[in-house]
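Peer 1: model the following, please.
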Amino acid sequence: MDKTGKDISGKGSSKGKWDAGRIPDLSGRTAVVTGANSGIGLAAAAELARAGAHVVFAVRDLERGRAAAAKVSGSTEVRRLDLADLASVREFAEGWDGSLDLLINNAGVMMLPERRTRDGFEMQFGTNHLGHFALTNLLLPHITDRVVTVSSGAHRMGDGVIHFENLNLDGIYSPQRAYSQSKLANLLFTLELQRRLTESGSPVRSLAAHPGWAATNLQSHTANPVTRVLMAVGNKVVAQDDKGGALPTLFAATQDLPGASFVGPSGPMEMRGAPTLVGRSPAASDVAAAERLWEASEGLTGAVFPLVSAAR
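Peer 2: Predicted coordinates for the structure are as follows:
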């Protein structure tokens, strides 16, 4: 429960565990979901549309995005967005007109071989963090309700720190280290975004979620073939499906939660189960690191926080 005594566990009392059937009516609201063409992004987009929202599928491949949107009941549209290309991010944001209730920063890549984005950033950090960082700041003047950024329990793994002096991990790259750094960056971004929103007097909230272990195609792109085999086994034995993996995102997107909340599965080791508020590593709660990451990200992307502080 929160400080007011409200049940925010996702489990409820007499009504059982929270599921997508409890999403409130979202008629008249607009949501952008990055990476909505597959996995938990598609599952989340489908449930938001079912609840009445107009959902924009922000995807790199328009053909795949249109095929995915065609399977969804409700109001949808598809727009191109390549998070590994800041020019594409800017083009998407510049093409936005009108209000935007909900931005879900869902798209991501996982444990890839070493490679770079179009702008020269390490691919996982550049896509998972910097692309969403720029997108959020560029769209923020339009956002009316909240930003939900999808992180991972893997933020606790790797080195457990942001390599500020070597964000591209030159000479020390490993797929796991890079993925963990990007997911830690997602949480620090969520934290600092909420601080800045609060300081500016904005009612917009910044929250994070993680899916636990969800069986999607994300694991099939990992660099190590042994890891791919182990993850395929885990997908069958441990994981929940993509609909279950989308529940923390949907909970964060639609329930009355405090800013900077982190939502994940309630089951053992946060692998699966009904969504609830979960903890994060000390490194993910480091306000000084969050501010430093923000400043570094502004310098790398050229995207800055657009709201004026209410104290000025």
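Peer 1: how about the secondary structure of the residue lying closest to R60 once chain neighbours are set aside?
Peer 2: Sequence neighbours aside, D82 is the residue nearest to R60 in space, at 4.7 Å (criterion: Cβ to Cβ, 6 or more residues apart in numbering). (C-beta placed from N, C-alpha, C; glycine too.) The assignment at D82 comes out as coil when based on DSSP: H, G, I helix; E, B strand; the rest coil.
Peer 1: tell me how far D82 lies from L307.
Peer 2: 26 Å (Cβ to Cβ, to the nearest Å).
Peer 1: more neighbours: these two, which one.
Peer 2: Each of D82 and L307 has its neighbours counted (other Cβ atoms under 10 Å); D82 has more, 20 against 15.
Peer 1: isn't that one up against R90?
Peer 2: No - the criterion here is Cβ atoms under 8 Å, and D82 misses it with R90 at 11.0 Å.
Peer 1: A290 is in contact with N186, isn't it?
Peer 2: No - A290 lies out of contact with N186 (Cβ under 8 Å); the separation is 11.1 Å.
Peer 1: buried residues in stretch 262-276?
Peer 2: For stretch 262-276, the neighbour count (16 or more other Cβ atoms under 10 Å) marks F262, V263, G264, P265, S266, E270, M271, R272, G273, A274, P275, T276 as buried.
Peer 1: and for stretch 108-118?
Peer 2: Quick answer for stretch 108-118 (16+ other Cβ under 10 Å): G108, V109, M110, M111, L112, T117.
Peer 1: okay, now that stretch: how far is its last residue from its first?
Peer 2: Terminal residues of stretch 108-118 lie 16 Å apart, using Cα to Cα, to the nearest Å.
Peer 1: helices of the stretch 1-150 of the chain, residue ranges please.
Peer 2: For the stretch 1-150 of the chain, applying DSSP state H, counting those that start in this stretch gives helices covering 39-50, 62-69, 86-94, 123-124, 132-139.
Peer 1: in TSV, list those along with mean pLDDT and distance to D159.
Peer 2: Output for the helices of the stretch 1-150 of the chain, formatted as TSV (pLDDT from 0 to 100; distance: least, Cβ to Cβ, whole Å):
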stretch	mean pLDDT	distance to D159
helix 39-50	97	26
helix 62-69	98	34
helix 86-94	98	26
helix 123-124	98	14
helix 132-139	98	21
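Peer 1: so which of these has the densest surroundings on average?
Peer 2: Mean neighbours per residue, mean count of other Cβ atoms under 10 Å, is largest over the helices of the stretch 1-150 of the chain for helix 39-50, with a mean of 26.
Peer 1: reformat the buried residues of stretch 262-276 as JSON lines; add distance to Q124.
Peer 2: Rendered in JSON lines, the data for the buried residues of stretch 262-276 read as follows (distance: Cβ to Cβ, whole Å):
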{"residue": "F262", "distance to Q124": "20"}
{"residue": "V263", "distance to Q124": "22"}
{"residue": "G264", "distance to Q124": "20"}
{"residue": "P265", "distance to Q124": "23"}
{"residue": "S266", "distance to Q124": "28"}
{"residue": "E270", "distance to Q124": "21"}
{"residue": "M271", "distance to Q124": "22"}
{"residue": "R272", "distance to Q124": "24"}
{"residue": "G273", "distance to Q124": "27"}
{"residue": "A274", "distance to Q124": "29"}
{"residue": "P275", "distance to Q124": "25"}
{"residue": "T276", "distance to Q124": "27"}
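Peer 1: low-scoring stretches of the chain, by residue?
Peer 2: Scanning the chain with the threshold set as pLDDT under 70 gives 1-15, 214-239, 309-312.
Peer 1: and if we set it to 80?
Peer 2: By pLDDT under 80, the weakly predicted segments of the chain are 1-16, 214-239, 268, 309-312.
Peer 1: remind me, longest strand of it?
Peer 2: Identified as the longest strand of the chain according to DSSP state E is strand 143-150.
Peer 1: CA atoms of that strand as PDB?
Peer 2: The C-alpha coordinates for strand 143-150 follow below in PDB (Å, rounded to 0.1, in the frame of the first residue of the first chain):
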ATOM      1  CA  ILE A 143       2.600  14.900 -23.100                       C
ATOM      2  CA  THR A 144      -0.300  15.400 -20.600                       C
ATOM      3  CA  ASP A 145      -0.200  12.300 -18.300                       C
ATOM      4  CA  ARG A 146       2.900  10.100 -18.100                       C
ATOM      5  CA  VAL A 147       6.000   8.500 -19.500                       C
ATOM      6  CA  VAL A 148       6.600   4.800 -18.900                       C
ATOM      7  CA  THR A 149      10.100   3.500 -19.600                       C
ATOM      8  CA  VAL A 150      10.700  -0.300 -19.800                       C
END
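Peer 1: thank you kindly, that will do.
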